[in-house]
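I'd like to go over a predicted model; first the sequence, then the structure.
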Amino acid sequence: MFLLTLFSFLLLPIRLSASEPARNTRVYIPNYEPGTTDIYHYVVTLLNLAMAQTESEYGPVQIIANPAATPQQRQFLNLRNGRTDIMWSVTTFEREQHHHVIRIPLTGGMFGYRVLLVSQDNPLFITEIALDQLKQLSAVQGSDWPDTDILKYHGFNVSTSVYSSAFKLLDKGMVDYFPRAVHEVFEELSTHRDLAIEVESHIALQYHNPMFFFVSEHRPELAERLEVGLQRLYENGDLQRLLTSQHFYIRARNLLKDRTVYPLSNPLLTEETREALSHYPSPLSNSL
């Protein structure tokens, strides 16, 4: 019954109706980007559930996806200028300064568990590699990703690239490895079947890297409503049940089993976020 209810939320409309409802009943969100289909549908389902939790107090809303997919930097710009009302992202000190942030983790810490994409049969990764050795090899990350700053802070040798090119650099042997969130690698390997890359088998990196909802400062009432709804979902267990029932979550949990996990700190978190994380333990870490 629970899963049937969740699927019904996925079918809720995300486009304007002919009746053109009042502006404050519409909630604009980003469209999905390639490679994010599973996590996108999960987050939109969660958002619908949070809105349903608060409908009696705040009234109905219509969630509307923006017409085209945009990169994350553009999504934050759209949030700031009011073209988007809600988006979701891993958090940083800088991102929290300019938007309403709802400090309730959406993905149970999965974005902080990083496995390594490597070229197939790379002799450097046949056996387990020590953390100090790993830092001397060449990693690739996106130029504007928080992960790049986190890894550089810890002394990793990191070069930057646009996302689509990073896989080709790895395939051609121009970098040694590409750290990816543990749930992302399945869709990425499927998308890049023409490249000779695979997931390294022995280790993972881990740091606090929570994904939060961010709400436009033009919509303070929406931020309040979303926080109330999410808190209710967490307290009644529906948030955790939704997350742990996802196929991408189950595959990620299984991929992490029996790996050596190297913990790292995240210097980009605010004190408020560090405090919030102590109240929302990761179901993923508890299952390993």
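Now that the structure is in, tell me what you want to look at.

who's in contact with the closest residue in space to residue 203 that isn't next to it in sequence?
In this structure, residue 203 finds its nearest non-sequential neighbour in residue 260, 4.9 Å apart by CB to CB, 6 or more residues apart in numbering. Glycine gets a C-beta too; all of them are placed from N, C-alpha and C. When contacts are counted by CB atoms under 8 Å, 6 or more residues apart in numbering, residue 260 touches 128, 202, 203, 204.

and with 7 Å instead?
128, 202, 203 (CB atoms under 7 Å, 6 or more residues apart in numbering).

for the first one, helix, strand, or coil?
Right, residue 128. Secondary structure, DSSP: H, G, I helix; E, B strand; the rest coil: residue 128 is coil.

Spatially nearest residue to it (excluding sequence neighbours)?
Excluding the flanking residues, the one nearest residue 128 by CB to CB, 6+ apart is residue 202, at 4.0 Å.

Distance of that neighbour relative to residue 255?
12 Å (CB to CB, to the nearest Å).

cool, and residue 32?
23 Å.

pLDDT score for residue 53?
pLDDT, residue 53: 96.

and the residue nearest to it when sequence neighbours are not counted, what element?
Once flanking residues are discounted, residue 53 sits nearest to residue 229: 4.0 Å by CB to CB, 6+ apart. Applying DSSP states H and E as the criterion places residue 229 in helix 220-236.

Past that helix, which element shows up next along the chain?
Once the chain leaves helix 220-236, the next helix or strand it forms, by DSSP H and E, is helix 238-244.

Correct me if wrong, but residue 44 is in a helix.
Yes: under three-state DSSP, residue 44 falls within a helix.

What's the local residue count around it?
Neighbour count for residue 44, taken as other CB atoms under 10 Å: 20.

and if you look at the one 4 residues further on?
A count of nearby residues for residue 48, using other CB under 10 Å, gives 21.
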